[in-house]
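Q: Got a predicted structure plus its sequence, pasted below:
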Amino acid sequence: MTSSATIQLQVGNAIPPGNEQETREIIEFWHRANAFFANLRFTAQRQLNGLADSYRVGLDARELIAAMENARDQSGSFSRHQLAHVDDPAKAITARLVVTVSAEDHTTTEEESYQVATVFIQQLVMAVNLFRPGAIQLLDTRFAGEGAHKYEAQNYDSRIYYGALKASQENQWPPLKMLSLEEVWGWLEGTESSRTDTAIKSINKVLFTLLKVAEQRHEYSARTALLVMYQLEILLECRQVDSLSDLRHRTTMIFGDFPESAGCLSELHEARNGLVMASVPVHRPPLICHTTEHALWQQSGQHHSAVETGTALVLSLLHDLVAHKAQRYRFSETMARD
């Protein structure tokens, strides 16, 4: 007997940044994604701290695609549409995603359906940012429908991942591979990240931190830098408090020498140590609006370029693992006497 539930996610701010070319690319991506995610077998936990079970999950992103196409038609690009919305709220940036959860071997409870849908959306955020960084934005979100008032939707920004894409392009480093959505999703499934809420494996520690980075907004503080540095140290299997030699060496082993303009490691390392030593400024959580971004750039203790380039490096390392169907790097030092 098949049991199914439909979960509606209302998104108040669903239009990510992008110029004209990027807008076309993102819309094309979502058309492909809508077909790919229409009906998938998906394994996820029934509840927090619970066992994993098998489900069929479907994503309907037609309203999101329509909102993106409307933004393109009205303003020419996503970024211009965001600016137009500031002066004219009729320039809509809202959308809706619909997730269908069904099980064949048991009747799903309401909470179970929301749990599985939430995990699926998290996997979607990870997959999209691995395939095309910054192409998904889920802000000012809420669930809608019967029983939805009992559950709180999560928010994910596109800003850091879009910044990582631009940093990679401007520095021409680190390289971001062209991967297929099938490759990325299959690799994510192989990590079993949807089957647990506590990351034990190193790769899942990195993936869960990808979500935490996506939750960050305008303020790229030492805390954000700490999250990015943590991912790099986990991926490269090294942590040196007083030196970056191993981190630099292992990065070079994978990608070759990197340009000085992409030298984000020192700033990330300094920010991490400053946070641990309590020597960095602490800022009040800011009012988030279109006028505050520039002011936040001017604050001491911000690490925009380092966070974006460091995030690009994290994505590039993950791309390399996906392309080689691997889940970790293994480094070994040897010694010989002649």
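A: Thanks, I have the structure now.
Q: Okay, the closest residue to L176 other than its chain neighbours and L268: tell me how far apart.
A: Spatial nearest neighbour of L176, chain neighbours left out: S168 (5.2 Å); criterion: C-beta to C-beta, 6 or more residues apart in numbering. Where you see a C-beta, it was placed from the backbone N, CA and C, and this is true even at glycine. In this view, S168 and L268 are 16 Å apart by C-beta to C-beta, to the nearest Å.
Q: do the same with T191
A: T191 is 24 Å from L268, by C-beta to C-beta.
Q: Between these two, which has more neighbouring residues?
A: Taking other C-beta atoms under 10 Å, T191 and L268 do not tie; L268 has more neighbours (27 against 19).
Q: Isn't that one up against M229?
A: Yes - the pair L268 / M229 is scored as a contact, 4.5 Å apart, by C-beta atoms under 8 Å.
Q: quick one: common contacting residues for the two?
A: Here L268 and M229 have G310 as joint contacts, going by C-beta atoms under 8 Å, 6 or more residues apart in numbering.
Q: remind me which residues of the stretch 1-150 of the chain are low pLDDT?
A: 1 (pLDDT under 70).
Q: so where do the helices sit in the stretch 151-300 of the chain?
A: Counting by DSSP state H, counting those that start in this stretch, the stretch 151-300 of the chain has helices at residues 159-171, 181-191, 202-214, 222-235, 245-255, 265-276, 292-298.
Q: after the shortest one, next one along is what?
A: Going back to what we said before, that points to helix 292-298. Downstream of helix 292-298, the first helix or strand assigned by DSSP states H and E is helix 304-323.
Q: mind listing what's buried in the longest strand seen in the chain?
A: Under DSSP state E, the strand in the chain containing the largest number of residues is strand 3-13. The neighbour-count criterion (16 or more other C-beta atoms under 10 Å) identifies S3, A5, I7, Q8, L9, Q10, V11, N13 as the buried residues of strand 3-13.
Q: Name whatever forms a beta bridge with the first one.
A: So that's S3. S3 has these beta-bridge partners by DSSP bridges: A103.
Q: What residues does it make contact with?
A: So S3 contacts S102, A103, H106, T107, T108 (C-beta under 8 Å, 6+ apart).
Q: mind redoing it with 10 Å?
A: Y55, V101, S102, A103, E104, D105, H106, T107, T108, T109, E112, S113 (C-beta atoms under 10 Å, 6 or more residues apart in numbering).
Q: Just give me the closest of those to E69.
A: V101 (27.2 Å; C-beta to C-beta).
Q: which helices and strands sit right next to the helix or strand where that closest one lies?
A: Element membership for V101 (DSSP H and E) is strand 95-103. Judged by 3 or more C-beta pairs under 10 Å, 6 or more residues apart in numbering; DSSP states H and E, the packing partners of strand 95-103 are strand 3-13, strand 52-60, helix 62-75, helix 110-131, strand 139-144.
Q: State the distance from the nearest residue to S266 once chain neighbours are set aside to R272.
A: Sequence neighbours aside, L244 is the residue nearest to S266 in space, at 6.6 Å (criterion: C-beta to C-beta, 6+ apart). If you measure L244 against R272 using C-beta to C-beta, the figure is 11 Å.
Q: neighbour-wise, which of the two wins?
A: R272 (22 against 16).
Q: who touches T43 in this structure?
A: Neighbours of T43 in contact, by C-beta under 10 Å, 6+ apart: A52, D53, S54, Y55, V57, V116, V119, E189, E192, S194, R195.
Q: Actually, I203.
A: 187-188, 190-193, 234-235, 318, 321, 326-328.
Q: just A225 next, same as before
A: For A225, the contact set (C-beta under 10 Å, 6+ apart) comprises 264, 267-272, 274-275, 280, 301-304, 306-307, 310.
Q: Need the per-residue pLDDT for the residue nearest to it when sequence neighbours are not counted.
A: Nearest non-adjacent residue to A225, counting by C-beta to C-beta, 6+ apart: A271, 3.7 Å away. pLDDT, A271: 80.
Q: tell me how far the ends of stretch 81-96 are from each other?
A: Distance between the two ends of stretch 81-96: 18 Å, counting by C-alpha to C-alpha, to the nearest Å.
Q: List the buried residues in that stretch.
A: For stretch 81-96, by 16+ other C-beta under 10 Å, it's H81, Q82, A84, H85, K91, I93, A95, R96.
Q: Tabulate those residues in a markdown table, adding columns for distance to T209 and secondary structure.
A: Converted to a markdown table, these look like this (distance: C-beta to C-beta, whole Å; DSSP: H, G, I helix; E, B strand; the rest coil):
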| residue | distance to T209 | secondary structure |
| --- | --- | --- |
| H81 | 31 | helix |
| Q82 | 27 | helix |
| A84 | 34 | helix |
| H85 | 31 | helix |
| K91 | 34 | coil |
| I93 | 28 | coil |
| A95 | 27 | strand |
| R96 | 28 | strand |
